[in-house]
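In: Take a look and give me a structure for this.
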Amino acid sequence: MKPPEQAQAEQSIVDLIGGTPLIRLRKLEPRDGIELWAKAEFCNPGGSVKDRAALQMILDGVASGALTRDKTLIDSTSGNTGVAYSMVGAALGYKVALVMPANVSAARKQITQAYGTEIIYSSELEGSDGAIRLVRELVAANPDQYFYPDQYSNDSNPRAHYLGTGREIWEQTGGRVTHFVAGIGTTGTIMGTGRRLKEHDARVQIIAVEPDDALHGLEGLKHLPSSLVPAIWRPEGVVDRRLPLGTDEAWDTAERIAREEGLFVGHSAGAAVAGALRVARELPPTHHAVIVTLLPDRGDRYFVPLRWEKQYEW
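Out: Residues are numbered from 1 along each chain as shown. Okay, here's the model as predicted:
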């Protein structure tokens, strides 16, 4: 526990975004000479790594004049970015509407609505790509009503991680990081973090983990060969390797992280750690490595929660 003199006093909840801890996953390390570290992004106030990108996109939208008080921020999301938009929008005083696949977790739906966000549902059969197509139709029909940051195409998304996540990892490891492994959804995390780490040391290996099949069970991650490829996905000179990973391996690893490290994380975090473990096991026996991965959110975000009923009678 932090002593009182180290506790933060901030002017707004958005000031708590970023600066997340780096936690060593010592019990998962396959051998001596391998250090496995995880960036605990669930420590952001909105509960996920998406707080970083949402805040950067909103601040840059305001600075450019594209986002004004009379417009509604609208974007497609599988959940975490929607929670982040909703939290930041409420804190800064901007209206938010979200297009989500109808089968997104109940927790994500209820959390975003608690902030006063409007939810528009797209077909559950079309996944995140269906939500993207629908939001584009809505914006095209009502261009003056909406500010559409478009997290899949907005350079402010990777910029958030270039300015924050990548810098923090470099500083927290004392510049010793040798590998960075993260899952890809919008691809903003891997692009921004990877670019920053490569600028510090071109030898750092950047590994992008993706589902190995179009029909996967890893919410928030994209199987790029069968998906609309985000415009911000520009891997040349940044990403050294794409690592396909199965749903079962990711889910099993998430359970192992909870049992062995006491960290209850989501399945996308399980995928990232499983990818990091694969990389670690492939290294020569005498090779020393400092492998950093990222835990996007907590496992409880995937629960079906109790609905908050004002009029409940005890």
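In: all contacts plus neighbour counts: C-alpha atoms, from now on.
Out: Will do.
In: Could you tell me how many residues sit around residue 247?
Out: 21 (other C-alpha atoms under 10 Å).
In: what bridges to residue 122?
Out: residue 101 (DSSP bridges).
In: now it: how far from residue 129?
Out: To residue 129, residue 122 is 10 Å away according to C-alpha to C-alpha, to the nearest Å.
In: residues of the lowest-mean-pLDDT helix or strand in the chain that come out buried?
Out: Within the chain, no helix or strand scores below helix 106-114, which has a mean of 84 by mean pLDDT, DSSP states H and E. If you call a residue buried by 16 or more other C-alpha atoms under 10 Å, then helix 106-114 has these buried ones: 106-113.
In: ditto for stretch 68-75
Out: Those would be 68, 71-75, for stretch 68-75 by 16+ other C-alpha under 10 Å.
In: swap in stretch 139-155?
Out: Result for stretch 139-155 [16+ other C-alpha under 10 Å]: buried residues 139, 146-155.
In: ok, now stretch 120-132?
Out: 120-122, 127-132.
In: where along the stretch 51-200 of the chain do the helices fall?
Out: 80-92, 106-114, 127-141, 156-160, 166-172, 188-200 (DSSP state H, counting those that start in this stretch).
In: closest to residue 260 out of these?
Out: helix 166-172 (23.2 Å; C-alpha to C-alpha).
In: For the closest one, give me every contacting residue.
Out: 19, 22, 39, 176-177, 192-197, 200, 292 (C-alpha atoms under 8 Å, 6 or more residues apart in numbering).
In: Now restrict these to buried residues only.
Out: 19, 22, 39, 177, 192-197, 292.
In: Mind putting those residues into JSON lines with pLDDT?
Out: Shown next, in JSON lines, are the buried ones among the contacts of helix 166-172 (pLDDT from 0 to 100):
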{"residue": "19", "pLDDT": "97"}
{"residue": "22", "pLDDT": "98"}
{"residue": "39", "pLDDT": "98"}
{"residue": "177", "pLDDT": "98"}
{"residue": "192", "pLDDT": "98"}
{"residue": "193", "pLDDT": "98"}
{"residue": "194", "pLDDT": "98"}
{"residue": "195", "pLDDT": "98"}
{"residue": "196", "pLDDT": "98"}
{"residue": "197", "pLDDT": "98"}
{"residue": "292", "pLDDT": "98"}
